[in-house]
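Novice: sequence first, predicted model second:
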Amino acid sequence: MLMLIKSVERIPEKFFKYVESTDAIYEVRIEHHKIQIRIFCFFDIGNSIILLNAFIKKSKQTPKRELELAIKLKKKCFLEREK
């Protein structure tokens, strides 16, 4: 999946989607043996992709705590860079 993101100009939403109401957090979407895996990430300098946290999606709704963790980790990444 990550090679697909790296190699194409426009990734189908089936595999990579912007998470609404966030500060530029995206969701990598993987299905493996009918298991839905999600990885939150964001674009960094030079179009690098920083992976934040991953989880197995068990319902239609994205768990709020997973999204909150992604937001917290992104902020921490930028705070660490400022030091």
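Specialist: On my side now, so go ahead.
Novice: which stretches of the protein form helices?
Specialist: Assigned by DSSP state H, the helices in the chain fall at 2-7, 64-82.
Novice: could you tell me the least trusted of these?
Specialist: Mean pLDDT is lowest for helix 2-7 out of the helices of the chain, coming in at a mean of 68.
Novice: deepest-packed of the helices of the chain, please.
Specialist: Greatest average neighbour count among the helices of the chain goes to helix 64-82 (a mean of 13), per mean count of other Cβ atoms under 10 Å. No exception for glycine: its C-beta is placed from N, CA and C like everyone else's.
Novice: send the alpha carbons of that one over as CSV?
Specialist: C-alpha atoms of helix 64-82 as CSV (Å, rounded to 0.1, in the frame of the first residue of the first chain):
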residue,chain,number,x,y,z
LYS,A,64,-12.7,8.6,18.6
ARG,A,65,-9.8,7.7,20.8
GLU,A,66,-7.7,6.6,17.8
LEU,A,67,-8.3,9.9,16.0
GLU,A,68,-7.5,11.8,19.2
LEU,A,69,-4.3,9.8,19.5
ALA,A,70,-3.3,10.7,15.9
ILE,A,71,-3.9,14.4,16.5
LYS,A,72,-1.8,14.2,19.8
LEU,A,73,1.1,12.4,18.0
LYS,A,74,1.1,14.9,15.1
LYS,A,75,1.4,17.8,17.6
LYS,A,76,4.1,16.0,19.5
CYS,A,77,6.0,15.5,16.2
PHE,A,78,6.0,19.2,15.5
LEU,A,79,6.9,20.1,19.2
GLU,A,80,9.9,17.7,19.0
ARG,A,81,11.1,19.3,15.8
GLU,A,82,11.1,22.8,17.5
